[in-house]
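# Quick one: sequence and predicted model below, then my questions.
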2 protein chains.
Amino acid sequence: MLNLKGIAEELGLSVSTVSRAINNTGRISEETRKKVLEAAKRYNYIPNDIARSLRSKSGNSVGIIASDMINSFYANVIKGAQSVLRENGFTLFVCNSDEDTQLEQEALETLLSKQICGLILASVGEDSESIRQLIKLGTPVVLIDNIPDDLEGFDSVSIDNINAAIKLTDQLIEHGYQKIGMISGPMSQSTGHDRYLGFKIAMGKAGLPMREDWVVKGDFKKPSGRQAMRRLLSLDAPPEAIVVANNYMAYGAIGVLKEKGLAVPGDMAVVAFDAIDDTGLISPKITSMNQDPLEIGIQAATILLDKINNGQSKKIYRNLILKPSLYDGESW
Amino acid sequence: MLNLKGIAEELGLSVSTVSRAINNTGRISEETRKKVLEAAKRYNYIPNDIARSLRSKSGNSVGIIASDMINSFYANVIKGAQSVLRENGFTLFVCNSDEDTQLEQEALETLLSKQICGLILASVGEDSESIRQLIKLGTPVVLIDNIPDDLEGFDSVSIDNINAAIKLTDQLIEHGYQKIGMISGPMSQSTGHDRYLGFKIAMGKAGLPMREDWVVKGDFKKPSGRQAMRRLLSLDAPPEAIVVANNYMAYGAIGVLKEKGLAVPGDMAVVAFDAIDDTGLISPKITSMNQDPLEIGIQAATILLDKINNGQSKKIYRNLILKPSLYDGESW
DNA sequence: TTGAAAGCGCTAACAT
DNA sequence: ATGTTAGCGCTTTCAA
């Protein structure tokens, strides 16, 4: 495996000439260009991207930090972003934060040390310190999923979670449910906070009672959904329907119901966020308000690329609000 | 954002002294070490990993190429690998090949240009050219999932697919099924080929007839599973049970059955490979022979790290055969 | 059209 | 204990 210098020596040319031939830059005779390209192929030359970006001070990689790529929601976000990025010659570093602030911070530093030129971030919590730091460094960031309240001056791709939660709750209300509870996410995240807020608004609008013990806080992971459902079922008067703030908690909650032989929605109706079913075999089909994760990834990557390529657009912040779609399942 | 030189100037020291302080290498006075570390923190210094690995000729990233990380099987493999790698200071480049040879090749070149020092590869097809090339370059490779027959001299983590398929088929046979078909994968991949072989062996052993039209070849993706099932159902005498070579094709196949109002396993029994259900809500629960994807990722990464760190072990090839486990579901 | 030379940020001999 | 120097592989002025 040769490098530029190797090829240059082999051909009796200078490194710069070979570089120009390979990058098709600057003036060069057709003859030598041919010769170089042929040699490059013969020797299976692969440019050292590390050296290239060190020298030219312009990397071609971006990072993404999400809580868990096992979650098909994030997996799809990543896939969407990756497709756009690859088409544009960028590579994507994927990091998991596992809903952990510490890991998120570590991932951030790793990515920065890798000289990423952009970041897609589904942040945990509201701590904006690390993010502010990024912005100062001039690294473009696009936030997705969780958009901390106190963060103005960022780009983001998200949905109107408040309204989405209102509509989702309305589904239950329209079907005659009155005793409605919620398994919410952490209030420190906009997805948790706003969806809870929407739920509250919808309930108030309909004149329905909000009962403290009908709202159980989870951490967006499956076990917390199970735990929350057990808590609800242990109440003297459990709700007859619940709104769940994300897919995994809903899987946990419904799992508990099924195990106890309770019917969904007969004994308890369940609606959720982002419970898209890739397999098509989940039963009952969960009525859910869905963000389009692929689209989120695509849009986030597109904004990022624009900021990277367009120096001017760096100071223009875009807050893209996508429309979630309601999947009308059988769980209510 | 300062670099080493910046900090050196700021402190009136030489670059090398600062470097030594930060890397805690070589002799240095406690006093200056303190001073440097403090300054590094003050200026939010983050080492440029690109420059570092260019200089020291030793990268700290490895790549993984899998067909589709939306598939929770691969997602888990990636997660397992990532956990081991991160603990050891390595980062992971994730590439999708989408079961496409062309994309796999592209991903390979991208990764090589990124100077990865190791690769975990779930290859598509039997074309070993690109892989042989890698080996010559001295880049350690661990193959997973699909182990091309003609590739000796590689490390790999896999299962005994032939035996696994025999056992899976035996499940059906033991439950009295005689008219058994298969939705197989591409024969060019060991997972496709060996699972088909195992099926054939089990059938022969039991003295059951192998009918040509009861074996439909798919491409491991969901639509091909749907198509295959439609084909089977269109036969004059469809099989009464089928073995499906992977999870996604099984989802497609069962989906078709459910849509037609056919019962599983009443009208057709279905068993499959790797149909692990993260949600716990898939119905019917699919009887399946499961590799432990997390473990595969962990083992693959461990082998890779050993090869990277241990020059001597480079020429010792390990072919780890993990035990798959049978999940006893309700689909037969 | 081509070559020589500088230098990206860092590490590691070698020198002091 | 610290500084000086060379150079990783590449791009990019500047000269020729």
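Sure, I can see it.

# Could you tell me how many residues sit around whichever residue of the stretch 51-200 of chain A sits closest to DNA strand C?
Residue of the stretch 51-200 of chain A nearest DNA strand C, by Cβ to the nearest atom of the strand: A:Arg55 (3.3 Å). For every residue, glycine as well, the C-beta is placed using N, CA and C. Residues near A:Arg55, counting by other Cβ atoms under 10 Å in any protein chain shown, number 10.

# distance of it from chain B?
Here the criterion is Cβ to the nearest Cβ, to the nearest Å. By it, A:Arg55 lies 9 Å from chain B.

# which SS class is that residue?
helix (DSSP: H, G, I helix; E, B strand; the rest coil).

# A:Ser83: what's its closest spatial neighbour, skipping adjacent residues?
The spatially closest residue to A:Ser83, leaving aside those adjacent along the chain, is A:Ile298, at 7.0 Å (Cβ to Cβ, 6 or more residues apart in numbering or on different chains).

# can you confirm that neighbour is in a helix?
Yes: using three-state DSSP, the secondary structure at A:Ile298 is a helix.

# Spit out the contact partners of it.
A:80-81, A:83-84 (Cβ atoms under 8 Å, 6 or more residues apart in numbering or on different chains).

# phi, psi of the nearest residue to A:Gly26 once chain neighbours are set aside?
Nearest residue to A:Gly26 in three dimensions, chain neighbours excluded: A:Arg20, at 4.5 Å (Cβ to Cβ, 6+ apart). Note on A:Arg20: backbone dihedrals following degrees, to the nearest 10 are phi -60, psi -40.

# Same question for A:Asp274.
The phi/psi pair for A:Asp274 (degrees, to the nearest 10) is phi 60, psi 30.

# Within its local environment, how many residues does it see?
Neighbours of A:Asp274 using other Cβ under 10 Å come to 27.

# isn't it right next to A:Ser288, touching?
Yes: A:Asp274 lies in contact with A:Ser288 (Cβ atoms under 8 Å); the separation is 6.5 Å.

# where does the stretch 51-200 of chain A have low pLDDT?
For the stretch 51-200 of chain A, the stretches flagged by pLDDT under 70 are A:126-130, A:133, A:150-151.

# what does it put close to DNA strand D?
Within the stretch 51-200 of chain A, the residues that sit near DNA strand D (Cβ under 7 Å from any atom of the strand) are A:51-52, A:54-56.

# now with 10 Å?
Proximity of the stretch 51-200 of chain A to DNA strand D, by Cβ under 10 Å from any atom of the strand, involves residues A:51-58.

# Need those residues in TSV (columns: distance to B:Pro238).
Below are these laid out as TSV (distance: Cβ to Cβ, whole Å):
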residue	distance to B:Pro238
A:Ala51	60
A:Arg52	58
A:Ser53	57
A:Leu54	62
A:Arg55	63
A:Ser56	61
A:Lys57	64
A:Ser58	59
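
# Closest one to B:Leu4 out of the residues you listed, please.
A:Leu54 (13.6 Å; Cβ to Cβ).

# what helix or strand is A:Glu295 on?
helix A:293-309 (DSSP states H and E).

# Return the set of buried residues in that helix.
For helix A:293-309, the buried set under the neighbour-count rule, 16 or more other Cβ atoms under 10 Å in any protein chain shown, comprises A:293-305, A:307-308.

# just the residues you listed now: which is nearest B:Ala245?
For those, the nearest to B:Ala245 is A:Leu294 (26.4 Å; Cβ to Cβ).

# Could you find the closest non-adjacent residue to that closest one?
A:Gly80 (4.0 Å).

# Over to A:Gly125?
A:Ser188 (4.9 Å).

# what about the one you found, how many residues close to it?
If we define neighbours as other Cβ under 10 Å, then A:Ser188 has 15 of them.

# overlap in contacts of A:Asp274 and A:Ser288?
What both A:Asp274 and A:Ser288 touch, as defined by Cβ under 8 Å, 6+ apart, is the set A:Asn247.

# can you give me the helices for the stretch 151-300 of chain A?
Assigned by DSSP state H, counting those that start in this stretch, the helices in the stretch 151-300 of chain A fall at A:161-174, A:190-205, A:222-233, A:247-259, A:293-309.

# does any bit of the last one sit next to DNA strand D?
By that I understand helix A:293-309. No: against DNA strand D, helix A:293-309 shows no contacts by Cβ under 10 Å from any atom of the strand, the least distance being 14.6 Å.

# Now find how far off-centre that helix is within its chain.
11 Å (Cα atoms, centre = their mean, to the nearest Å).

# now swap in the fourth one and tell me
Relative to the centre of its chain, helix A:247-259 is centred 23 Å away, using Cα atoms, centre = their mean.

# Over to the second one?
Once both centres are worked out by Cα atoms, centre = their mean, helix A:190-205 turns out to sit 21 Å from its chain's centre.

# the inter-axis angle of that helix versus helix A:161-174?
40 degrees (axes from the mean of the first three to the mean of the last three Cα atoms, to 10 degrees).

# same check, this time on the shortest one
Orientation of helix A:222-233 against helix A:161-174 (the same axes, to 10 degrees) gives an angle of 40 degrees.

# and helix A:222-233, what does it pack onto?
strand A:180-184, strand A:215-217, helix A:247-259 (3 or more Cβ pairs under 8 Å, 6 or more residues apart in numbering or on different chains; DSSP states H and E).

# for the longest one, which positions count as buried?
If you call a residue buried by 16+ other Cβ under 10 Å, then helix A:247-259 has these buried ones: A:247-258.

# repeat for stretch A:170-178
Result for stretch A:170-178 [16+ other Cβ under 10 Å]: buried residues A:170-173, A:177.

# again, but for stretch A:193-205
Under 16+ other Cβ under 10 Å, the buried positions of stretch A:193-205 are A:193-200, A:202-203.

# so what are the domain limits for chain A?
A:4-45, A:57-159+A:293-323, A:161-290 (automatic domain parsing).

# As JSON lines, the buried residues of stretch A:193-205 with distance to B:Ile147 would be great.
Converted to JSON lines, the buried residues of stretch A:193-205 look like this (distance: Cβ to Cβ, whole Å):
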{"residue": "A:His193", "distance to B:Ile147": "49"}
{"residue": "A:Asp194", "distance to B:Ile147": "48"}
{"residue": "A:Arg195", "distance to B:Ile147": "46"}
{"residue": "A:Tyr196", "distance to B:Ile147": "49"}
{"residue": "A:Leu197", "distance to B:Ile147": "52"}
{"residue": "A:Gly198", "distance to B:Ile147": "50"}
{"residue": "A:Phe199", "distance to B:Ile147": "51"}
{"residue": "A:Lys200", "distance to B:Ile147": "55"}
{"residue": "A:Ala202", "distance to B:Ile147": "54"}
{"residue": "A:Met203", "distance to B:Ile147": "56"}
